[in-house]
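Trainee: Below is the sequence, then the predicted model.
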Amino acid sequence: MNKFLLFLSLFVSTLSFAQADCDASSHDFGAVEYGVYPDTTVGIADGVLNEPYEQTIYILVPSDPSVISPLFALLTLEEVSLVGISYVDGTGNLSDISNLGLTLECNPANCVFLPGEQYCGVISGVPNQVGSFPIVIQTEIQGVAFNAPVNSPFDFDGYTFNVTATASVSQSAEAQISIQPATPNPANNATRINVALSANETATVRLVNMVGEQVLVKSIQGKRGDNIVTLDVNDLPAGIYLYSVEAGSYKTTRKLVVEH
């Protein structure tokens with residue numbers, strides 16, 4: 001599943017030549033060698049029929065391709081390219097994901113990603129079909145093995161994009177604010193929380209200990225899109241805390257571990 005997550009990020013587009021409106025540095029992957037956010041634990045947000053949709057994805061490409069697959073253990077990775085994206089439609093056939101009404105854009109716009117670097121992309125548009133759509137991602141890994149160039153196609157499936165006819169209560173709330181887990185977590189000196197807002201609005205982060213005492217509070221005047229809130233935990237005792245993020249009528253609470 002982890003190797004799929006790496007390339008899930010890649011479907012942020014080869015179908016458009018405009019550069020995605022995102023900042024790759026807005027997400028902190030911590031000490032991991034590679035990854036994608038959102039991962040399958042968090043999941044990509046569901047879409048709603050005929051309603052605007054947008055999802056930012058962050059990608060950290062590994063320097064060592066063997067962490068993607070043992071098949072690439074002898075390969076010196078040069079780049080990874082997205083060459084196609086399909087989904088399984090209602091007839092069981094593969095169709096281009098643009099037929100769902102989505103625009104897929106990479107940053108950089110050519111959808112060529114270099115090893116050891118971090119990237120991001122934006123999925124946006126207006127979903128035009130209701131259903132659960134399995135995604136198939138066609139990628140190409142390019143490198144050198146035994147002094148010879150290697151271009152290896154590598155396909156991934158297993159992720160589903162869900163589109164509902166109407167928004168549920170939870171989807172309506174999520175349209176106002178989308179919270180990424182604090183990273184790093186456990187935290188030593190500081191941790192960062194990405195707060196994505198659909199409009200300019202004040203966002204407040206509160207940190208409480210396990211007996212309910214508030215130990216830290218920070219508010220920002222958030223803008224539409226991604227906002228980074230950094231919490232300095234250097235002076236807090238090691239232990240387990242709860243942090244809540246509030247914006248408008250939306251509130252979510254998650255766990256943070258502090259280690260020194």
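Mentor: Everything's here; your move.
Trainee: Could you chop the protein up by domain?
Mentor: Following automatic domain parsing, one finds the domains of the chain at 2-164, 170-258.
Trainee: and the helix or strand harbouring N151, what does it pack onto?
Mentor: In the assignment (DSSP states H and E), N151 maps to strand 148-164. Here strand 148-164 touches helix 2-8, strand 47-48, strand 131-145, going by 3 or more Cβ pairs under 8 Å, 6 or more residues apart in numbering; DSSP states H and E. Yep, even glycine has a C-beta here, placed from its N, CA and C like the rest.
Trainee: Where does pLDDT dip in the stretch 51-200 of the chain?
Mentor: 167-176 (pLDDT under 70).
Trainee: and with 50 instead?
Mentor: Residues of the stretch 51-200 of the chain that meet the criterion pLDDT under 50 lie in 173.
Trainee: Do a quick rundown of the strands in it.
Mentor: 53-60, 76-88, 94-96, 102-107, 112-113, 118-125, 131-145, 148-164, 177-179, 190-197 (DSSP state E, counting those that start in this stretch).
Trainee: got JSON lines for those strands, with mean neighbour count too?
Mentor: Formatted as JSON lines, the strands of the stretch 51-200 of the chain follow (neighbours: other Cβ atoms under 10 Å):
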{"stretch": "strand 53-60", "mean neighbour count": "22"}
{"stretch": "strand 76-88", "mean neighbour count": "19"}
{"stretch": "strand 94-96", "mean neighbour count": "14"}
{"stretch": "strand 102-107", "mean neighbour count": "24"}
{"stretch": "strand 112-113", "mean neighbour count": "20"}
{"stretch": "strand 118-125", "mean neighbour count": "22"}
{"stretch": "strand 131-145", "mean neighbour count": "17"}
{"stretch": "strand 148-164", "mean neighbour count": "15"}
{"stretch": "strand 177-179", "mean neighbour count": "23"}
{"stretch": "strand 190-197", "mean neighbour count": "20"}
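Trainee: Can you check which of those strands gets nearest to V257?
Mentor: strand 190-197 (9.6 Å; Cβ to Cβ).
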